[in-house]
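S.K.: Test case, fold it:
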Amino acid sequence: MRFEEVIGQKSLCAAFPASLKSGHIAHAQLFSGKTGYGALALALAVAQYLLCENHNESDSCGVCSACRKVAKGVHPDLHFVFPVVKKRESAPISDDYLPQWREIISNPYFGLDSWIEKMGGEENAQPMIYAAESANIIKKLSLKPFEADCRVVVVWLPERMNEECANKLLKILEEPYPGTYFILVSEQPERLLTTIRSRTQTVLIPMLEKGVIAGIATKSYGMTPERANRLEHLAGGDMVKAIELISGEGNRVENRELFISLMRLCWTRDMVPVNRWVNELADAGREAQKRFLTYATAMLRENFMRNLNREEIIYMTPEEEQFSVRFAPYVNEANILPLFEAMERASNEISRNGNAKIILTDLCIKVMQNIRPTT
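M.R.: Predicted coordinates:
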């Protein structure tokens, strides 16, 4: 991918060639930002620029042998590390899923859910980067570069490394191989080892600039300016969200129905249908549960903003707004923090492989206590 193909982020796209020209580009960089902001796309553009045989002062050429290989994900001096699902007793490595990875990065604006689906993982699969991955990296880096003057290792979602793998990666970063560049693309850098963060140059990837998503929506999808502006507002500067909203894919509709159902059941305090709701979500798998909790937290925030009459910073679809008209008054200063804490606690416990039925039942009780407190 060339810098000119990266959506938005023009200032960052201009900064990297300048850094390389001045000789001040770090051997290990941490791109902190959502994939939908362009973090992975930018990493691929940097990798292509570093490996390009004829790059100019602002971009890779896009036509040399190296650029064509990078675009296909097959350059021998470009290595990828990413979370994978475990389908057998032995821990897998990224190389086991390279065909799927090369296919999905042809459009590097995707989320973890899309990657799990691409791998053929089950709904409750939790992709990880296992310790075997670090041994594979060391083996590759112990060899000289095959074609280029340097090597590039792109690590997508390094926060999903297990502890052993993270410690081994730390050693590589402390004693880097000559001519090797690491680009870590993280959505949750706070989950990385502090020592790893301290040995990388952090590059914050901001949300896409205003007008970028709306411009794509009108030009590529034929939307009216009004619809395009609304889409951009809902996407919140995230191209992955925008694509999901445009295509109708994703889990927003399903999560909306689950959220509305939960709030109504917790208001009526009828435990029999609440238990059915819990069983339905518990059977959906851990990733689906975490997606719902993320969505529910966002919806509580939106309704709280509506209760405060902050319409300019509310991000809801028309269907969500329709429910919010009656629901928003019940999300206020007295209960917003306990509700947030309940959602966060449930998400953390599910991430630690806790019993989903117990966790979700406890969540429902907490919501009951706060949405309609007893007098």
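S.K.: hmm, who's touching the longest helix seen in the chain?
M.R.: Looking across the chain with DSSP state H, the single longest helix is helix 286-307. For helix 286-307, the surrounding residues in contact (CB atoms under 8 Å, 6 or more residues apart in numbering) are 112-113, 116, 123-126, 251-252, 255-256, 258-259, 262, 281-282, 311, 313-316, 320, 324, 327-329, 331-332, 336, 339-340, 343-344, 346-347, 350-351, 353, 356, 360. For every residue, glycine as well, the C-beta is placed using N, CA and C.
S.K.: Buried among those? Need that as a selection in ChimeraX.
M.R.: Buried residues within the contacts of helix 286-307, by 16 or more other CB atoms under 10 Å, are selected in ChimeraX with:
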select :112,113,116,125,126,251,252,255,256,258,259,262,281,282,314,315,316,320,324,327,328,331,336,339,343,346,347,350,356,360
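S.K.: how about low-confidence regions in the stretch 1-150 of the chain?
M.R.: Scanning the stretch 1-150 of the chain for pLDDT under 70 picks out 88-89, 121-125.
S.K.: P338 contacts N370, correct?
M.R.: Yes: with contact defined as CB atoms under 8 Å, P338 counts as touching N370 (5.0 Å).
S.K.: Now name the helix or strand holding M207.
M.R.: Assigned by DSSP states H and E, M207 belongs to neither a helix nor a strand.
S.K.: hey, where'd the helices end up in the stretch 251-375 of the chain?
M.R.: For the stretch 251-375 of the chain, the helices defined by DSSP state H, counting those that start in this stretch cover 252-268, 271-283, 286-307, 318-327, 336-351, 356-371.
S.K.: between those, which one is nearest to S134?
M.R.: helix 336-351 (22.2 Å; CB to CB).
S.K.: contacts for that closest one?
M.R.: 126, 286, 289-290, 293-294, 296-297, 300, 304, 331, 356, 359-360, 362-363, 366-367, 369-371.
S.K.: hmm, 6 Å instead?
M.R.: R286, Q289, K290, L293, A296, T297, L300, F304, I359, L363, K366, N370 (CB atoms under 6 Å, 6 or more residues apart in numbering).
S.K.: And for the strand or helix carrying L170, what's in contact with it?
M.R.: Using DSSP H and E, L170 maps to helix 163-174. Helix 163-174 is contacted by residues A28, I129, A131, E133, S134, L193, T195, I196, R199 when judged by CB under 6 Å, 6+ apart.
S.K.: Buried ones among these?
M.R.: Buried among those (16+ other CB under 10 Å): A28, I129, A131, E133, S134, L193, I196, R199.
S.K.: Now do the phi/psi pair for the closest residue in space to the second one that isn't next to it in sequence.
M.R.: Excluding its sequence neighbours, the residue lying closest to I129 (CB to CB, 6 or more residues apart in numbering) is M161, at 4.2 Å. Its backbone dihedrals place M161 at phi -70, psi 140, with angles given as degrees, to the nearest 10.
S.K.: Quick check: M161 touching P127?
M.R.: No: contact criterion CB atoms under 6 Å: M161 and P127 do not qualify, at 11.0 Å.
S.K.: My reading is that V155 lies in a strand. Confirm?
M.R.: Yes: under DSSP: H, G, I helix; E, B strand; the rest coil, V155 sits within a strand.
S.K.: give me every residue that touches it.
M.R.: Neighbouring residues of V155 by CB under 6 Å, 6+ apart: V81, L184.
S.K.: What are the buried residues along the helix holding L170?
M.R.: Along helix 163-174, these residues count as buried under the neighbour rule (16+ other CB under 10 Å): C165, A166, K168, L169, L170, I172, L173.
S.K.: Include distance to C64 and pLDDT when you put those residues into a markdown table, please.
M.R.: Output for the buried residues of helix 163-174, formatted as a markdown table (distance: CB to CB, whole Å; pLDDT from 0 to 100):
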| residue | distance to C64 | pLDDT |
| --- | --- | --- |
| C165 | 34 | 88 |
| A166 | 35 | 89 |
| K168 | 34 | 86 |
| L169 | 31 | 87 |
| L170 | 34 | 87 |
| I172 | 29 | 86 |
| L173 | 30 | 86 |
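S.K.: of those residues, closest to G23?
M.R.: The closest of the buried residues of helix 163-174 to G23 turns out to be L173 (CB to CB; 19.8 Å).
S.K.: can you tell me how far A66 sits from N54?
M.R.: 9 Å (CB to CB, to the nearest Å).
S.K.: Likewise for F82?
M.R.: Relative to N54, and taking CB to CB, F82 is found at 29 Å.
S.K.: who has more neighbours, these two?
M.R.: Neighbour totals were compared for F82 and N54, and F82 leads with 25 against 12 (other CB atoms under 10 Å).
S.K.: Pull the number of nearby residues for S198.
M.R.: As a burial measure, S198 scores 11 neighbours (other CB under 10 Å).
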